[in-house]
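1. can you look at this prediction? I've put the sequence above it.
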Amino acid sequence: MAAKSIISRPVYGTLSPQPGKHHLFIADAEGALAISDMAARAPAGFFDGAEIDFIPGPNNEHVAALEALKPARFHLAPSFASLLPRLKQTLGNAHMGLRLYLAGTEGLIGQAMQVALEAGIDHTSVQTEHRGSLARRMQCVHCKGITENVTTQPATCSHCGLLLLVRDHYSRRLAAFQGVCINAEDRSEIPPMEEAFP
Amino acid sequence: MSTGTTKLDVVVSDVVPVNELVTRFHFRRRDGELLPTFSGGAHVVVEMRDGDRTRLNPYSLMGSPLDTREYTISVRRDDVGRGGSLFMHRSVKPGLEMVISYPVNLFSLDLRAKKHLMLAGGIGITPFMAQTAQLAGEDGNFELHYTCRTASLGTYADVLRERYDRRIRLYHDDRDERIDLDRLLSTQPLGTHLYVCGPAGMINWVRDRAAALGWPSEAVHFEHFAAPQPGLPFDVTLAVSGKTIRVDEQQSLLEAIEAAGVDPPYLCRGGVCGQCETNVISYDGKFIHNDHWLSEDDHRSGCKIMPCVSRFEGRSLVLER
């Protein structure tokens, strides 16, 4: 669970079944457990109108548990990038009454939220639950490059190589935390790098 | 005192009967300048000086927000109400100098919407007159479903049909035409926002069905000006100003407080904006809550009241005013 800090830092909740005609779940890795936990509280037949799009972790865990919920549609994707066209098409054809549930890493929740916002869904109406890694998706505010799965503080920009302080300042539009040069005054000053977002 | 607003000195520039119940009033500034800009859904509070009595009633602005040379409102005559609409119909003539508030919008469009779905009932059409004009000017995507009792009471139905053609759907009670609400709500593209204005029963029905069909509350907007209901007279002690006042049958608690020379903040005077929320210090009796602002817990707690629309029956009531 992420600690509360500045207002732009996303806060996640616990998935709960919403009234609606269609339910779309997007999850990665341990996000599957959030769906399983919610299923225990869901009314009978809830998954008859549900689609689960799942990006398994490296060990391919939790696939059987999600299939056992018998959603109307179940789709496995190797990465968020590979899921993106399907997600855009689903939301583009959807009607009001579809509810969105996002579970798993912050990177997954943030990027799926970005697509949802473009489709006209208000971010406060999306159910989210953070599970698994605290790794961050980071934008370098200097070169604008995005670095995925940042676990250290400070972190090196994978594009321009600057050493960046990973801030809690978050952009929903970019689905990324902001990274700001940590030693702009004196580049020879190298603070110790810690594993801050395991 | 209306919070954050100042008053506008206006003159009635035209009075136009629209049908047997509704009359339209046009206002211009007395100094000839343009009126302040507003957005579709905004209302103004009109001060009605009727002898020694002053009523303050909110009315939606129904003109195009693109034209601020004049403001227009439409008033439905209510023969059994508290007299504000009757005063407008009987006593307000072209050339009369009046005072109105700056416009305030508690029912604005969410311009992030992919589509705007509007549901009007009866005189609830007025905010949509301004909203449709605003959206049409921006090439916005909207659809208006308008329920009226009969064709002759379908205020502005003809104007809207002429302006927007098939984007306006009409339903007449006397022809037993009903909105197929569940179907309508289930076939809207993702990103649609819903707006409803009309009688309380209609608003509750639409909000309930929308919630049941999975519309998030963020996408459902409604406006209901609850006109203050008359009721039994009651006495109130205003602890801060050290006054004891009587609220008459036809007076709202807010009006009685104002008549005693105390100026609480207000905006909508219809139980929706929250500005006049007042703490209760002690009471012996029961509240008649008519607002849409306080939560059910607040209503049960007996700690708060919205004096613009709510009343009290009992032995004593002490307010923090």
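-> Thanks, I have the structure now. Numbering: from 1, shown residues only, chains lettered A, B, ... in the order given.

2. interface residues of chain A facing chain B?
-> In this structure, chain A approaches chain B at residues A:18-22, A:91-92, A:94-99, A:119-122, A:124-125, judged by Cβ under 8 Å from any Cβ of the partner chain. Placement of C-beta: from N, CA and C, glycine included.

3. could I get the full set of strands for the stretch 151-300 of chain B?
-> Under the criterion DSSP state E, counting those that start in this stretch, the stretch 151-300 of chain B contains strands at B:168-172, B:192-197, B:220-223, B:234-238, B:243-247, B:278-288.

4. closest to chain A out of the ones you listed?
-> strand B:192-197 (5.2 Å; Cβ to the nearest Cβ).

5. among the residues of chain A next to chain B, name the buried ones.
-> A:18, A:20-22, A:91, A:94-99, A:119-122, A:125 (16 or more other Cβ atoms under 10 Å in any protein chain shown).

6. now B:Val44: how far from chain A?
-> In this structure, B:Val44 and chain A are 29 Å apart, going by Cβ to the nearest Cβ, to the nearest Å.

7. same question for B:Asp165.
-> Applying Cβ to the nearest Cβ to B:Asp165 and chain A gives a distance of 24 Å.

8. next, count neighbours for that residue.
-> By other Cβ atoms under 10 Å in any protein chain shown, the residues close to B:Asp165 number 8.

9. need phi/psi at the most centrally placed residue in chain A.
-> Nearest to the mean C-alpha position of chain A, counting by Cα atoms, centre = their mean, stands A:Ile109 at 1.9 Å. When read as degrees, to the nearest 10, the backbone of A:Ile109 gives phi -60, psi -50.

10. now it. Nearest residue, chain neighbours left out?
-> A:Leu102 (4.5 Å; Cβ to Cβ, 6 or more residues apart in numbering or on different chains).

11. correct me, but the one you found touches A:His23?
-> No. Counting by Cβ atoms under 8 Å, A:Leu102 stays clear of A:His23, with 11.9 Å between them.

12. thinking again about what came up before, ok, now which ones touch the residue nearest to the centre of chain A?
-> A:Pro10, A:Tyr12, A:Leu102, A:Ala103, A:Thr128, A:His130 (Cβ atoms under 8 Å, 6 or more residues apart in numbering or on different chains).

13. just give me the neighbour total for the second one.
-> So the one you mean is A:Tyr12. A:Tyr12 has 17 nearby residues by other Cβ under 10 Å.

14. with adjacent residues omitted, what lies nearest to it?
-> A:His130 (4.1 Å).

15. bridged to the one you found, which residues?
-> Beta-bridge pairing for A:His130 (DSSP bridges): A:Gly104.

16. distance of it relative to A:Glu106?
-> 6 Å (Cβ to Cβ, to the nearest Å).

17. can you check the pLDDT for whichever residue of chain A sits closest to chain B?
-> Closest approach between chain A and chain B, counting by Cβ to the nearest Cβ: A:Gly120, at 2.0 Å. pLDDT for A:Gly120: 94.

18. could you check the pLDDT of the residue nearest to A:Tyr12?
-> Value listed for A:His130 in the pLDDT field: 97.

19. ok but A:Arg137 is inside a helix, no?
-> No. Per DSSP: H, G, I helix; E, B strand; the rest coil, A:Arg137 lies outside any helix segment and is strand.

20. just give the closest residue to it, not the sequence neighbours.
-> A:Gly107 (4.3 Å).
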